[in-house]
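[1] using only what follows, build the 3D model:
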Amino acid sequence: MQYELVIIGAGPGGYAACLKGAKNGLKTALIEAGSLGGTCLNRGCIPTKLFLGATEPIAGLKAQQRLRLASGEIKIDLKKLQQRKKSLVSATHKAMAASLKKLGVDLISGQARLLNSSTLEVFGEDKLNIKFDRLIIATGSKNADLPGLKPDHKNILDSNDILDLESVPETLAVIGAGAIGIELGQFFSRLGSKIFLIEAKDRIVPTEDPEISRELEKILKREKWVIKTKTLVQKLESSADGVSLHLPDEEIQVDKCLVAIGRKPNSENLGLDSANIETFGPGWIKTNDYLQAAPNIYAIGDVNGLTLLAHAASDQGEYCIDHIMGHNKKPYPQNPVPACIYGSPEIIRAGLNTSQLEAQGKQFTVTKANLIANPIAQAHGAGHGLIKVFWSEDRVVGISAIGHNVSHLITLAQIIVDQAWTREEVSKHIFAHPTLDESLKEALLNV
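    Here you go, the predicted model:
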């Protein structure tokens, strides 16, 4: 079997590349060992946001109760929510498969392994040998673990396991205060779990601006979270009674424990050596400025270790097709990728923040606006939070925010950063009232 384009991995990056390749007339095959959609659809972005969306009314009611404007109780049927998740994911699988079929893409089920720089074999129901002109590796990543912190998939859970729970633990420990830990912790907190959040670094959400981290910690502590930073979990022990977390100075007993300490690449067993493809760290595929791991082989998304975000993978996949077709001969841009953390509150980051600017030795100034006076935030009883704008040479180089529904600002924030607006350019635009956007304008124009 001979193809102009073969893609390994049907997550956001592989799927986007596949659609664009087929639309550009390339004879294309997509190889996937599991389900279409990768981690994002099946075990990540989509289920997590479905869960947060279903429980958002609980957070809204609590905010109104604090203002003494409402009372009552909202009950979530977790088993039915799990059924809805399965139904939504299944329907999306069918829609993706239909799109591939319509474009004439051959969908091949199985595990792929390179034999050389132009041939691979696929182990599925049948063993296939496939030749290709161009290959895109988009195999993604999986949950990382450490000795003593390995999930048993009963009480000690990874993010895949916890998304399948049909009962709510009374107590839940979350090891790792990145986006995964924060979002899943908020979901179970809304359902009534007492959360113990443990982070090895000196602050939670350590990739975000330090002030954002502090603000989030204050908000979560108001929700009665127990938060421990600069704390290493030495060992986990699972028993019929739950999980014991052994910390340097104490032991914590909980019903369930989520291990959310990062990701590692799905690059083993791909036969990379057969095509002279180099890796680094735990197996991230090394790429050049054009996302090439070899002259005719690209690596995109999580597996190349550049940015572990679904929209980054999709963008890289589309870039590769443009590069293959000769439509874009420029290197892939290495600008910071916009990012969001969802829940109550939400967090956004576009461009650079304090830590990154200091690390680069850049001179910068900061303007900001608090959300306490924003009419939309007030309407929802959620006036906490702020928007920060980072300036260098009188141009915007970064925007970070925390607060009610600030994810709605992320695309505008990214455009402002990409276009490096000045204050004069801000003044040219009307920001609608009443919106969160008004606070973004205030942050941009404040001294």
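[2] got a list of what residue 152 touches?
    residue 238 (C-beta atoms under 8 Å, 6 or more residues apart in numbering). Quick note: C-beta positions are derived from backbone N, CA and C, even for glycine.
[3] likewise for residue 217?
    Contacts for residue 217 (C-beta under 8 Å, 6+ apart) come out as 203, 204, 227.
[4] top of these by neighbour count?
    Among the contacts of residue 217, residue 204 has the most neighbours (other C-beta atoms under 10 Å), with 24 neighbours.
[5] so that one, which state does it fall into?
    State at residue 204, reduced to three classes by DSSP: H, G, I helix; E, B strand; the rest coil: coil.
[6] count the residues that sit near the nearest residue to it once chain neighbours are set aside.
    The spatially closest residue to residue 204, leaving aside those adjacent along the chain, is residue 177, at 3.7 Å (C-beta to C-beta, 6 or more residues apart in numbering). Residue 177: 27 surrounding residues under other C-beta under 10 Å.
[7] do the one 3 residues further on as well
    Taking other C-beta under 10 Å as the criterion, the count of residues near residue 180 is 23.
[8] swap in residue 64?
    Other residues close to residue 64 by other C-beta under 10 Å number 14.
[9] and it, how far from residue 378?
    Residue 64 is 12 Å from residue 378, where distance means C-beta to C-beta, to the nearest Å.
[10] residue 111 now?
    According to C-beta to C-beta, residue 111 stands 54 Å off from residue 378.
[11] can you check residue 183 too?
    For residue 183, the distance to residue 378 - C-beta to C-beta - is 25 Å.
[12] more neighbours, those two?
    Higher neighbour count among residue 183 and residue 378: residue 183, with 22 against 15, using other C-beta under 10 Å.
[13] over to that one. Which of the three states is it?
    helix.
[14] give me the pLDDT for it.
    Model confidence at residue 183, given as pLDDT, is 98.
[15] my guess is it meets residue 50, correct?
    No. In this structure, residue 183 is not within contact of residue 50 by C-beta atoms under 8 Å, at 11.5 Å.
[16] one step back: now for the residue nearest to residue 204: which residues touch it?
    Contacts of residue 177 (C-beta under 8 Å, 6+ apart): 197, 198, 199, 201, 204, 205, 206, 227, 229.
[17] next, the fifth one: phi, psi?
    With angles defined as degrees, to the nearest 10, residue 204 sits at phi -80, psi 170.
[18] related to what we said a few turns ago, return the closest of the contacts of residue 217 with respect to residue 438.
    Distances from residue 438 to the contacts of residue 217, taken as C-beta to C-beta, are shortest for residue 204 (28.3 Å).
[19] roughly how far apart are that closest one and residue 378?
    Following C-beta to C-beta, the distance that separates residue 204 from residue 378 is 26 Å.
[20] same check, this time on residue 328
    Computed as C-beta to C-beta, the residue 328 to residue 378 distance reads 45 Å.
[21] how's this protein carved up into domains?
    Domain assignment for the chain, taken from automatic domain parsing, gives 2-44+80-143+264-325, 156-261, 339-445.
[22] tabulate the ones you listed (JSON lines), appending distance to residue 332.
    Formatted as JSON lines, the domains of the chain follow (distance: least, C-beta to C-beta, whole Å):
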{"stretch": "domain 2-44+80-143+264-325", "distance to residue 332": "5"}
{"stretch": "domain 156-261", "distance to residue 332": "21"}
{"stretch": "domain 339-445", "distance to residue 332": "15"}
